[in-house]
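> I need the structure of the sequence given here:
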Amino acid sequence: MNVNDSWVQIPPNPYGVHVEPVAKQLREHGLDAYAHHPLKWDDLRYEIAAGRPVIAWIVGSNYPGYYVYVVNEIPEYFSPKKGNYSVVTQFEHTVIVTGYSPDSVTYLNGGKINTVSLVQFLESCLVLGNMAITSKP
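Next comes the predicted model:
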């Protein structure tokens, strides 16, 4: 897989990585990283309130300068010849959630900080089953 491949693809074409392999790589580099699939909203808020950012899987779309959540993507199910099926979608993306309010979520995407509505964020995360990585189990 090439990180510069189109992010609109789904398997068997080159595709992004889901939560478990990313958490494993982070641990191999000496970081505390725990994969959650799903991570409940209350648990995500707890991590943020404790000062621990969360990596969250969302669905994004191109917009000049940053990514905007797509709330109407429909997940697809991919089953390789061997193994279990995976839920996949076009425009799989990750962000680092850094804050929230009663009606919005703030996240870091590359070098940009953005805020979206809470409803938009939750619907986007739900497409891929609320995958997230935290630094605490």
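> for the residue nearest the centre of the chain, helix, strand, or coil?
Of all residues in the chain, the one closest to the mean position by CA atoms, centre = their mean is residue 57, 0.8 Å from it. Under DSSP: H, G, I helix; E, B strand; the rest coil, the three-state class of residue 57 is strand.
> Model confidence score at it, please.
Turning to residue 57, the model gives it a pLDDT of 95.
> Look at the nearest residue to it once chain neighbours are set aside and report its pLDDT.
Nearest residue to residue 57 in three dimensions, chain neighbours excluded: residue 131, at 4.0 Å (CB to CB, 6 or more residues apart in numbering). C-beta here means a position set from N, CA and C on the backbone, and glycine is covered the same way. Residue 131 carries a pLDDT value of 97.
> Enumerate every residue touching residue 131.
Shown in contact with residue 131 (CB atoms under 8 Å, 6 or more residues apart in numbering): 18-19, 35-39, 56-57, 125.
> where's the nearest residue to residue 76 once chain neighbours are set aside relative to residue 26, distance?
Nearest residue to residue 76, sequence neighbours excluded (CB to CB, 6+ apart): residue 88, at 5.5 Å. Distance, residue 88 to residue 26, using CB to CB, to the nearest Å: 22 Å.
> where does this protein have low pLDDT?
1-7, 62-72 (pLDDT under 70).
> most remote residue from it's center?
residue 81 (25.6 Å).
> Do a quick rundown of the helices in the chain.
19-28, 41-49, 118-127 (DSSP state H).
> quick one: buried residues of the shortest one?
Taking 16 or more other CB atoms under 10 Å as the neighbour-count basis, helix 41-49 is seen to contain the buried residues 43-44, 47-48.
> if I look at the residue nearest to residue 57, how far off is residue 38?
7 Å.
> Fine by me, we can end here.
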